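> Let's see this in three dimensions:
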Amino acid sequence: MSKPLVVSIPHQLGKDEAIRRLKGGLGHLKEKTDGKLAAVEDSWSDNRADFRLAVLGQTASGNLEVLEDSVRLEVQLPWLLAMVAEKVRPLIEKQAHLMLEKK
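Just a heads-up that it's a prediction; the model follows:
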C-alpha cells in the first residue's frame, strides 16, 4: 500500500464554521469537479470526517480533522493515483481553500 498523502490547510474560521463549510463543500464536490469524481461519501463524528471517493475508476479513502486554525487531510491513494500524488496536492489544496475562504 502506498504512503498516504497528508495536507494541512490553514484557516481563520474557527472549528465550528470550518466544519459547516466543509460539510457543505463535500456535498457539492462532485458537481464542482465536472464529473471527475464518480462518488463522494463522508461520515462525520464531531470534528473528524472519514470519506471515500472514486476518481478515474480508482477508489481513495481518508479522513480529515478540523482544528481551530487548520484542517489536516490524510488520503490513502491507490497505487495508480499515488504515482501522481504530488501533482494532485495543489488541486486538493485549492479545493479546500475554496471551501474555507472567508465569505
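
> Sheet partners, orientation included, of the helix or strand containing residue 62?
Following DSSP states H and E, one finds residue 62 within strand 58-66. Sheet pairing for strand 58-66, assigned by DSSP bridges, gives strand 48-55 (antiparallel), strand 70-76 (antiparallel).

> mind exporting the first one as CSV, just the C-alpha atoms?
Output in CSV follows, covering the C-alpha atoms of strand 48-55 (Å, rounded to 0.1, in the frame of the first residue of the first chain):
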residue,chain,number,x,y,z
ARG,A,48,-13.5,14.4,12.2
ALA,A,49,-14.8,13.0,8.9
ASP,A,50,-13.9,9.7,7.2
PHE,A,51,-14.5,9.7,3.5
ARG,A,52,-14.3,7.6,0.3
LEU,A,53,-14.3,8.9,-3.2
ALA,A,54,-13.9,7.4,-6.7
VAL,A,55,-11.6,9.1,-9.1
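
> Tell me the helices and strands packed up against the top helix by length along the chain.
Counting residues, the longest helix found in the chain (DSSP state H) is helix 15-32. Packing partners of helix 15-32 (3 or more CB pairs under 8 Å, 6 or more residues apart in numbering; DSSP states H and E): strand 37-45, strand 48-55, strand 58-66, helix 85-100. Every C-beta, even on glycine, is put in place using the N, C-alpha and C of the backbone.

> out of these, which comes closest to residue 2?
Residue 2 sits nearest to helix 85-100 of all the helices and strands packed on helix 15-32, at 7.7 Å, using CB to CB.

> ok, residue 80 touching residue 60?
No. Here residue 80 lies out of contact with residue 60, judged by CB atoms under 8 Å, at a distance of 10.1 Å.

> Return the set of buried residues in the worst-scoring helix or strand of the chain on mean pLDDT.
When the helices and strands of the chain are scored by mean pLDDT, DSSP states H and E, helix 79-82 comes last with a mean of 76. Residues of helix 79-82 classed as buried by neighbour count (16 or more other CB atoms under 10 Å): 81, 82.
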